[in-house]
Each structure stands twice: as C-alpha cells, then as structure tokens.
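>>> my questions are about this predicted structure, shown below with the sequence.
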Amino acid sequence: MNVVTAIVRRILSILVTLLGVSVIIFVILRLLPGNAVSASMGVSEGLLSKAQVAALDQYYGIGRPVLEQYFSWLHALLNGNLGVSLSQQKSVSYLVGLDLPVTLELAFFSMVLGILIGVGFGMWSALHPGRWQDNIGQVVAVVGLAIPAFVLGQSLVVYMSTKFHYFPSSLTFVGFFSNPWLNFQQIIFPSIVLSLGIGAAILRTTRGAVLEVSGLNFARTALGKGVSRRAFVWRHLFLNSLTAVVTMSGIQLGYLLGGTVIIERIFVLPGMGNLLITAIKNQDYPLVQSATLVFAAGFVVVNMFVDLAYSLIDPRTRKRSA
Amino acid sequence: MKPIIGLRGLASAALVMSTVGIFSSSVLDAASASASTGSRVANSTLVIGTVNSVQKIDPDVVTNFLDFEALGLIYNTLVQENSKLQIVPDLATSWSFANGNRQLTMQLRQGVKFDDGSTMTSADVVASLERAIATKTADPSASYLGSVTKISASGPNAVVLTMSHPDVSVLEGLATVNLGIMPAAAIKAGTIATKPDGTGPFEFSKWVPSTSFTLTANPNYWGGKVSLNSVQLKTIPTEQSISAALQAGTIQMALLSQPTVVSTIPQSYPVQHVMDLSYRALQLQDKVGILANVNARRAIACATDRNQILQDSVFGDGKVVGPVPLGPYATNPVSSICPTPNLGQARKYLAASGHPSGFTFTAITSTDLDSTSAAQAIAMQSQLARVGIKMNIQNLAANAYIQDWLKGKFQAAFAENGASPSPYVMYGRYFGKGAGLAIPAGYSSKSLQQELLAGDVTSSAAGQAAAWKKLNNDLTGNAVWIWLFDSYDFAVMSPSVHGFTLSPVNTTQLSSLATTTLK
C-alpha cells in the first residue's frame, strides 16, 4: 500500500467517524426534553399565547421535519458554515473562534507540563526501581490520579486569592500576543492543575515501558558493550519506550480538548468548555452540534498525528505499513 | 527495615520544597502586584461578578434576572417600583385612572433623550407598547397589557391606555423591563435586538456572549450625572471563584446567593442583603388524586415546619412567608390554618381526609433551577413522615422540570416563583379567569377569581387591602399550595464602592449604580 492510498484511507475513515459523531449528537439532542424556546423562556413560556409560541417556533426553526433539519445542518457544514447560535444570535464560527484559542492554549500548556512531569518522574522512577526515587515517583502518580482537578483547582484559587490577593485569570482574558506576561499568568495555574492528572498517567506508562525495555536482551547487550549511561538511557531505553509514551500522551491530549470544562469554569477562562455548557443549558442545537463536532475533529486529528508519529519513532511500524 | 527515603533524600526534598516555596511566594507577590496594576488601570470601570451571563439584549423578550438587571440600566419604564415596593414615576411623571378604571392617562417626562440622541415623545411610548403586545414579538409580559384595547398618544407628552374592563394592576405591569421604552425609529429599523437604545443611566457598549456585558455612562441621562464611567457584568461561573476574584481585586462587586460563600469573605468587605421579590413554594396539583382532597393538603400544610426548611436549605438566611412575601399586602400570618407546625391538627386533617394513617405522593425538584430545592424537599420529607405522609422526591434536569411543570405533569413541585407587590400581578396568571399558567397552578375556583377581580378593579387602598386579605386566606385556608420562604440575595463589595443599595426588586437590583461611586 503506497503512502497516498494510506493517507486517503485515513482521511476517509476520519470523515466516516465525524459523520457518525454528527448523527449521534443530532439524535441525542432531539431526545432531550424541551427545546430552545422552553430553554430560552423557562416557565415564562406558559405565559405566551399559542400564536406567540408558534411565532417563536418559527423563529428558532423548531417544528421542521427532523431529517430536513439534519441535512440542512450537514449541507451548511459542508459549505463551511457552522450555523448560527439560537441563544446568542451570533455565528457559531465567531463564537468558536473566540473560545477555541483559549482551550487550545490551555491544552497545549497542560500537555507540555504533563509530559515534563510524566516523562521526567517516569524515567527517574524506572531508573531507580524500588528505591526512594521510585517511591517519590509513585507518590506523584498516586497524588496526580487521586486528587480531582476541580478540588485542586478550587483550593489553589482560594489560597492564591486569600493569601496573595492574586487571581489573574479572573481579569479579562488577554491573548498571548497582546500581553504575553498577563496571558502566561492566566494560563499557567490552570495548566499546572490539569497537568498533574495527565503527568500521572504518562508517568506510570513511561515507568512501565522503560522497565520493560531495560529487561530486554538488546538493552543488556548494549550495557555489556560498554555504552555510556547517558546514551544507554536516552538512545536505548527512552527511544524504545517512546511508542507507549506517545500513545498515552495522544489519548490524554484527546481527552484534554474536551476535559477542560470544569477547570475553565473555576479559573474563569472563556474557553470551549464554558461555551458548550452554556449552549447545552440553552438547548442551543446548532452551537452544541457544531462545537461538539469541532471537539470530535480535534480528537481524530490528534489520533491521526499519533499514528503518524509511530512511523517516525519506530522503524518497525514503517516496515509493517510498507 | 530500610527507610523509604534516606536522610540525603529528605534533605534534598526539603531543599526543593523550600526553594519552590520561596520562589512561588516572591513570584506570586510580584505577579500579584503586576496583575493588580492591570486592574487599577481599569479602575474607572466597576466590574461586577455574577454566575449568570447576559443571554439576550432585546428588552421585550428577556426572561432571566441578569438580562433584566443589565437592560434595566439601559432602558427606563413608564413607572418603577421603589425599595418599599411602591409604584413611583419613571418616564411617566404622573398618571390618572378614569372611566371607572378603564382608562389610564400618563403624563410623560420631558427633555428625555435616547442613546441615539433623539428626544422621547408619546409616539415612542405608543410604538414601544405596541411592539410589546404584538404576537410576533412574543413578549412574556404582554399579558400585563391583556386588558388594553387601545394605546394612543394625547399630544406629544401624554399617552392613554384604554382597557376593556377596570384594571388598576396594569400600572404594576408597566414597571417591568419587558415593557421598556425605546425609540420608534429603532423599532421600525429593526435594530433593537442587536443594539439596545434606551433612556437609562447607562448606554450599551460591548457584549461578549457568556463572558461579559459592558455599559458606559449615558452623558445625556435625564436623572443627572452618572459617576461611574462604565460598568461591566462579568460572568464567573462559580460563586467560590467570584469570592476569590473579589478578594484578588479583579472585581469590585459580587452578586451572590449562597450564604456559605458569603460567610467566607472577610468582614472588611461590606455585605448587603435583601429579601428578593420571589418565594419558594410546594405547588400542588389539586385536581386529581389524593391532593384533590382539601384535608389531605391541609394535613401537609400543618405538618410542615417552614422555619426548619429555611434553616436546612439556606441556613436561615431568609424569612418564612405566605402567598404575598413582600410589600403592603404581605401575608400575615403566613397561613390562616397552621402558621406554625401543628402535628395534632395535621392528624385531625388526615382523619378528615379519610386517610388517618397517611398517604403517598411524589414531588419534583430541579437543583439546576434552584440549588436549594433538594434540601427543601429532604427537610419536608422527614417532617411529613412524622404524621405518616410519604413524599417521594424526583429531581429533574432543568428542561425536563420546565416541560413537566408547564404541562402540569406532577403531583407536587418545589418551585421558586417571581413575586410582585401586587397580588393580582402575582396570582392573576395562575388563578385568574383565563390565566396563562392555570395548568401548572393545578387549582381553580370561582371565589379566587372573584377575589382577584375585586382587588384589581378598585383603586381604593381599603378596598384593595380587604380583597387581598380574603385572597390570602382563601389560598392558605384551602392549602392550594404550601408557601415556604423567601431568601436573601447578597451583594458583597470592595471597600472602594460607595453609594450602592441592593434593591429588593429582582429585575432592577442594580438600579442604584446610577448614583454609585468608586473611590
């Protein structure tokens, strides 16, 4: 199978996945009780006359046949139009464009910190199995996995604001290019909170993979041939463990794109998580559908890059593909 | 046994920890100073933290409290409710009823300018009210003008509302932001839904959906100079984070509803609390099943300890109330049959109902809509169990609750309903003739309709007081619903905020920002 065929097959599988996601989101939303009118008006809907409710139904596009609604949305998507938010009366592209960069930046920083923590402590633990360094690594992993991010996040916010009168992310969010220092202060703390859970998962994977590789014949041979410790650790152990680490990092990044919701709320970051929660509350179908699809697209694209990374870091994968 | 960490390890860990501690303290202090500088730059703006976000900017269609509060700073109404819940002038300076309370003539304030620079005239008022009652607008407060058959100008500075029947409560209805006054030209141009244009103390500046809503002072405000340059309503999704932002100095005022959060804020931050214009009640569907039996309902009323529910759900930060929680016609005592719990009386009512050992019913709650509703339900469940009444609790998501509530698909529902100083405005929609919310109300009677009408047609204070007393007795005597309590709303401020008074009127709680200063 040549490279072009492989890429075409991959893109087709992504499109089929996204089509499936679009159907699932669409159906689930229609199964929920109520609609955009009831979400928007609340119990006040009962005060409207039948004619008023009919006028609102028409305004929100409710009452059109379900299939017509789906294909109309799909048609718009294929034309690059994510639709218009029912509750906010702004284009979904505009709203996603406002909030997606915040979530991406948060995910990026969290991931970088998570990889540093995970790989660093994982390697440290694996190179000193059963010793105090390993125990510290295990404690970090257990703490990272056991303490929920929202508990850590809320505690950090309360501590910083009461002790230092410091809560930079509650100021209006600024982009990296308009004020890098303030942007750094706004992103770094939520990133630290998120990175602990990610780091813990990567730590355990790294430790396990390195321990496994260090027991293989080639590793013992390399040591016996007198390879320097640095070369042994990084070239022989780390590179041969990298596939497992990349797999775990990819999974964590995929989840991270949709998993920042609570941390965004605690740290007052105007990201996609917040946007999605508000949209769900308002039963804002176009916004929920399109925003979820953006998350799904992010997830499958990340997975695609992870697969591509395999062939870069492991020659055996390239051979199998060929 | 070999220690897990040796001495060298412990020393290294201690060194790392102390270095991190010193570094983080100094960095945080420096960063705090730098972030505070950022907030000082923006100090001409009063930033208010709230868990809600502005959803819509067309005053005729808003339904959530924050939308009312935000747009209430941009738009004026013909009349308004003051802090004592009395109707006082706003854009109308005086008014009079005529033709047996079938005609209301209002004199308009002169020299009032809209944000677009045009001067307000009676044509704008007529256009605004006609827009509100137009079917396609779908204004939820159009029902307040249900009796109005004609809205006309009487010269440039007066309007006349002609009603099909005597209706003095129309005046209270005119105080809602849903009936705010806007320029006729903007209505014609169709720009109201995207660019607010009113006569209030602030002008619309910027709206970032789900994030913030910013207003600037209106230089032409008819009520005098506004001290604040601008006001920003900032959405902070959790009350704990609002408290943190206040203490960090990034916001100057916090709108809170959870007493537990308010209690964690240092005393140097002034706190204002006010009973808001709403009430919690257990609504009953009185037409079918066991609750159609008036004595069964009375047994529930007598077994209920409202004070305990108030304690358990909002830590006592509120007041036990009857059907009319505030204002000149507030219900007193809160129940005509059992103002305090009376288990003996409850058992007598049970016996009279034919179910001396009790009965079972189900109540719905929605913690999405009222976070205290589950606590109310659990407290009441244990109280009713003392006389053998078993109350099952079903918690629903917001939209599921709303759907069931609107269709009357419940036996009992814990609800937080908006209130008004006018009993007619509050209960005409539930129990009046042709009431829009008759289905969720779950009860109807000719006597209630007559009592509501009697209070609405008379403009004499004594006549109204008598009618509303009768209504209160009828509602509580028949245990139509079980009214529980009214809770506080809180505003916590930085010491730099002066002159702000939290209004009890939910929809215009922030109206005193027109005279607030920031030092």
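That came through, no problem.

>>> can you name the residues of the stretch 301-450 of chain B sitting close to chain A?
Remark: the part of the stretch 301-450 of chain B in contact with chain A comprises B:368-369, B:397-400, B:402-403, B:405-406, B:429, B:436-437, B:439-440, using Cβ under 8 Å from any Cβ of the partner chain. For glycine as for every other residue, the C-beta is placed from the backbone atoms N, C-alpha and C.

>>> from those, which land in helices?
B:Ala398, B:Asn399, B:Ala400, B:Ile402, B:Gln403, B:Trp405, B:Leu406, B:Arg429, B:Ile439, B:Pro440 (DSSP state H).

>>> got these as a markdown table, with pLDDT and distance to B:Gly198 columns?
As requested, these are arranged in a markdown table below (pLDDT from 0 to 100; distance: Cβ to Cβ, whole Å):
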| residue | pLDDT | distance to B:Gly198 |
| --- | --- | --- |
| B:Ala398 | 86 | 30 |
| B:Asn399 | 84 | 31 |
| B:Ala400 | 89 | 36 |
| B:Ile402 | 90 | 30 |
| B:Gln403 | 89 | 34 |
| B:Trp405 | 93 | 32 |
| B:Leu406 | 91 | 31 |
| B:Arg429 | 90 | 26 |
| B:Ile439 | 94 | 35 |
| B:Pro440 | 94 | 33 |
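
>>> tell me which two in these are the farthest apart.
B:Ala400 and B:Arg429 (22.5 Å; Cβ to Cβ).

>>> of those two, which one has the most company?
B:Arg429 (21 against 18; other Cβ atoms under 10 Å in any protein chain shown).

>>> neighbours of the nearest residue to B:Gly408 once chain neighbours are set aside, how many?
Excluding the flanking residues, the one nearest B:Gly408 by Cβ to Cβ, 6 or more residues apart in numbering or on different chains is B:Ile439, at 4.2 Å. B:Ile439: 17 surrounding residues under other Cβ under 10 Å.

>>> looking at the residues of the stretch 301-450 of chain B next to chain A, which is nearest chain A?
B:Asn399 (3.3 Å; Cβ to the nearest Cβ).

>>> dump the residue contacts of the residue in the stretch 201-322 of chain A positioned nearest to chain B.
When distances are taken as Cβ to the nearest Cβ, the stretch 201-322 of chain A reaches nearest to chain B at A:Arg265, 3.9 Å away. Shown in contact with A:Arg265 (Cβ atoms under 8 Å, 6 or more residues apart in numbering or on different chains): A:Gly273, A:Asn274, A:Ile277, B:Pro237, B:Thr238, B:Ser241.

>>> hmm, 10 Å instead?
A:150, A:153-154, A:271, A:273-274, A:277, B:51, B:235-238, B:241 (Cβ atoms under 10 Å, 6 or more residues apart in numbering or on different chains).

>>> taking those residues one by one, which sit in strands?
Judged by DSSP state E, the subset of the contacts of A:Arg265 located in strands is B:Thr235.

>>> of the contacts of A:Arg265 - the most surrounded one?
Neighbour max across the contacts of A:Arg265 (other Cβ under 10 Å) = B:Ile236, 31 neighbours.

>>> so what pLDDT did it get?
Per-residue pLDDT puts B:Ile236 at 94.

>>> again, but for B:Gly455
90.

>>> swap in B:Val61?
89.

>>> any idea how far stretch A:187-198 is from the chain center?
Here stretch A:187-198 is found 13 Å from its chain centre; the criterion is Cα atoms, centre = their mean, to the nearest Å.

>>> make that stretch A:61-77, sorry
With Cα atoms, centre = their mean as the basis, stretch A:61-77 stands 28 Å off its chain's centre.

>>> likewise stretch B:295-306?
For stretch B:295-306, the distance to the chain centre is 27 Å (Cα atoms, centre = their mean).

>>> then stretch A:217-234?
On Cα atoms, centre = their mean, the centre of stretch A:217-234 falls 37 Å from the chain's centre.

>>> what about that stretch, start to end distance?
17 Å (Cα to Cα, to the nearest Å).

>>> next one: stretch B:425-439
End residues of stretch B:425-439 are separated by 17 Å (Cα to Cα).

>>> all set, thanks.
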